[in-house]
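A.B. asks: Here is the input, now give the coordinates:
(2 chains)
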Amino acid sequence: MAMASSERGLALDRLWRWLGQSWMFVAFFVGFFLFWEWSIVLFKIPLYILTPPSMIVTKAWADMGRLIQYTYVTGLETVLGYAVAAVVALPIGLAIAFSSILRRTIYPFLVCIEMVPKIAFAPLFISWLGFGLLPKVIIVFLVCFFPIVLNAILAFNSLSEELTRFSYSTGASRWRTFLKIRLPAAMPQCFVGFKYAGLNATVGAAIAEFIGSDQGLGFYIQITTGNMRPELAFAGIFFLTAIGLALFGTITLAERLIIPWHISIRRTRT
Amino acid sequence: MPGDGRRSAPPSIRDEGRGGLTDLIELRGVSKVFGKGDAAVHAFGPVDLAIGEGRFVSFLGPSGCGKSTLMLMIAGLLEPSAGSILVNGREVRGPQTDIGIMFQDSTLVPWRTVRGNVELQLEMRGIPLGAMRARVTALLKSVDLEEFAERFPFELSGGMQQRAAFCQAMIHDPKIVLLDEPLGKLDAMTREHIRADLQRLWMRNRPTVVFVTHSIEEAVQLSTEVAVITPRPGKIDTLIPVELPFPRDLAVKSSPEFIAHVKDIQEIFHGYGVL
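C.D. replies: Got it, this is the predicted structure:
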C-alpha cells in the first residue's frame, strides 16, 4: 500500500481546501465590514444609532487605556470562574459517574439546576457579595460548571462494551483500567464540555457586570450605550469577543495537545 | 427434526493424538434467560459440551441464536441462568484472565499505535514490556503488520485493524482464545486472507479456540469441530468433526469432503428454515 505518497497527496489536498475555504471567509469578512461602513451613508443611519467600523476603530483607539484595563478586569473574572469550574466540575463528574449513590442523589439535583437560568442568580449574588470580583467569578463559575460536569458524567459512563469486556478479561485492577482505558477514552467527550463552557464564560461575566459593577467591559458597554456612544459599545463588544476567542483558542490548543489522536481522526475524516 | 439421530448426550471433543486428554472447557446444562416474567427471553440452552485442549471449535448459527452469549459466558463476562461452566476443571465464577478475546468491533484504542495497542494487553496484566518487545515485533511481523507498528488504528484498513486486534488478543499467549465474529465486518477477500493468518497462528501455538461465526465455509475451513447451533433458543443441533488436513488452503476448500461438510450443514439450517 502506497501510504506515504497518498499521505502527501492528502496533505496537499488539505492545503488547497484550506486556502479555498479561508479565502472565501476573509473575503466575506471584509465584505461584511465594507457593507457596514457604506450602509451608514447609504441608508442615512444617524451616528448615535450605529457608527461605521472606521469610526469604531478611531474612537476606540482614543479610549484604549480604559478598554485595556476593563479587558483585564473582565478577562480575570472569566478565566478565574472558568478555571475553578473546570477544576471542580471534572472530579465531581467523575465521582457521579462511578458512584450509584451519587448518581441517584446529586445527579438529578444537578439536572434540575441545569434547567434554571444561572444568570437569574446574578442579582442575588451581587446583593449578597457586593460590586467586586467575587460575585462575577461565581456567576461565570455557575455558567461553566454544568456543561463540564454533565459532559464528564456522560464521558466516564460511555465506555464501549467491547473495551469494558476487554478490561475485565485482562484482570487489571479498577485503577489501572481507569488510567489506561477509561480516562483517555473519556477525554474527547470531556472536551465537548470544556469547549461549550468556554463559549459561555464571557456571557456570564458580561451579564454579571450589567447587573452591578463599576468596571469591566460589561459595565463599559452599558455606560457607553447609555451615553449614546454606540461606537464605544461596539469596541467593548469586540474586546469581549477577543477574551472569548482567546479562552476558546486556549482550550482548543489544550485539546490538540492532550488528545492529538482524536483531532487527527476528525481531520482526516473531513 | 434434522440432525436428531446424530445428537448424543454430552459430546466431548478431545485431541487424543496430542495427548490432550483433559477437557479444557466444559459446559454442563448451560442456559441463559434474559429478563424476567413475561418479558423473559430464553436466549440459549440448555447446552452440554466439552472442549479438549488445543481444539478449534466453531459455534455456527444464525444471528440471534445466542452463540455470542455462550462465548461471553465462557469468558466469565456473563453469568449463566442455569448450569455451570468449567475451565480447567474449575467453575467459572468471574471474568477469566487466561484468555484472549476478540470481537466484531475491535478493542483497539484510538490513542495508541498498533504496537501500543498490543502492549496495552501486557500493561493491563502488569507484564513488564522490556522482555516482550521482540515478541510484539515478531507477532506483528507474522501478520504482515511490522511496517505499521507505529501507525494509529484509524490509519489502517479494516482488515489491518482486525489483524492488529488479533495480535492484541494473542500477545500474552493465552490458553483459550475466544473470537466473536472477528471477521464479520470485512470484505470477502480480506476475510480469506485473515483466515489464513488465523489458521497459521493457531497451528503454531495450538491454543483452544472458540470461534463464533455465521459463515458455514469459514467454520468448516478453520475448525476441528463445528457446533451447529439452532435458532433461538440456541442449542447444539449437531457436532460435526472436520477431519481434513491442516493447513486448509484453497485446494482443500474445493475437495469433495469439504463441499460435503458445507452441504450437510446447509441442509441442517434449511430444516430450521434459516436457509
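A.B. asks: Show the average pLDDT along stretch B:24-37.
C.D. replies: If you average the pLDDT over stretch B:24-37, you get 87.
A.B. asks: buried set for that stretch?
C.D. replies: B:24-28, B:30-32 (16 or more other Cβ atoms under 10 Å in any protein chain shown). From N, CA and C alone the C-beta is placed, and that goes for glycine too.
A.B. asks: Next step: those residues restricted to strands.
C.D. replies: B:24-28, B:30-32 (DSSP state E).
A.B. asks: rewinding a little: so which of the buried residues of stretch B:24-37 comes closest to chain A?
C.D. replies: B:I25 (15.1 Å; Cβ to the nearest Cβ).
A.B. asks: Nearest residue to that closest one in space, please, no chain neighbours.
C.D. replies: Nearest residue to B:I25, sequence neighbours excluded (Cβ to Cβ, 6 or more residues apart in numbering or on different chains): B:I51, at 4.2 Å.
A.B. asks: And B:A40, by the same measure?
C.D. replies: B:A40's closest residue in space is B:V33 (Cβ to Cβ, 6+ apart), at 5.3 Å.
A.B. asks: residues contacting that neighbour?
C.D. replies: Neighbour list for B:V33: B:40-43, B:81 [criterion: Cβ atoms under 8 Å, 6 or more residues apart in numbering or on different chains].
A.B. asks: quick one: it and chain A, what's the gap?
C.D. replies: 20 Å (Cβ to the nearest Cβ, to the nearest Å).
A.B. asks: and what of B:E267?
C.D. replies: Separation of B:E267 from chain A (Cβ to the nearest Cβ): 35 Å.
A.B. asks: Report how many residues lie close to that residue.
C.D. replies: 12 (other Cβ atoms under 10 Å in any protein chain shown).
A.B. asks: Check the residue nearest the centre of chain B and give its pLDDT.
C.D. replies: Within chain B, one residue has its C-alpha closest to the average C-alpha position: by Cα atoms, centre = their mean, that is B:F211, at 1.9 Å. B:F211 is assigned 94 on the pLDDT scale.
A.B. asks: wait, is it part of a strand?
C.D. replies: Yes. Judged by DSSP: H, G, I helix; E, B strand; the rest coil, B:F211 forms part of a strand.
A.B. asks: how close does it sit to B:V177?
C.D. replies: 8 Å (Cβ to Cβ, to the nearest Å).
A.B. asks: Return the residues of the stretch 151-275 of chain B in contact with chain A.
C.D. replies: Residues of the stretch 151-275 of chain B lying near chain A by Cβ under 8 Å from any Cβ of the partner chain: B:152, B:154-155, B:157.
A.B. asks: Oh, that last question was meant for the stretch 1-150 of chain B, not what I typed.
C.D. replies: Within the stretch 1-150 of chain B, the positions near chain A by Cβ under 8 Å from any Cβ are B:72, B:75-77, B:95-97, B:99-101, B:103, B:105-107, B:109-111, B:120-121, B:123-126.
A.B. asks: Please repeat the previous calculation with a cut-off of 7 Å.
C.D. replies: Within the stretch 1-150 of chain B, the positions adjacent to chain A are B:75, B:77, B:95-97, B:99, B:101, B:103, B:105, B:107, B:109-111, B:120-121, B:123-125 by Cβ under 7 Å from any Cβ of the partner chain.
A.B. asks: taking those residues one by one, which sit in strands?
C.D. replies: Secondary structure defined by DSSP E assigns B:99, B:101 of those to strands.
A.B. asks: Separate out the buried members of the residues of the stretch 1-150 of chain B next to chain A.
C.D. replies: Those of these that meet the buried threshold are B:75, B:77, B:95-97, B:99, B:101, B:103, B:105, B:107, B:109-111, B:120-121, B:123-124, by 16+ other Cβ under 10 Å.
A.B. asks: Would you report the backbone torsion angles of B:E53?
C.D. replies: Note on B:E53: its backbone torsions stand at phi -60, psi 140 [degrees, to the nearest 10].
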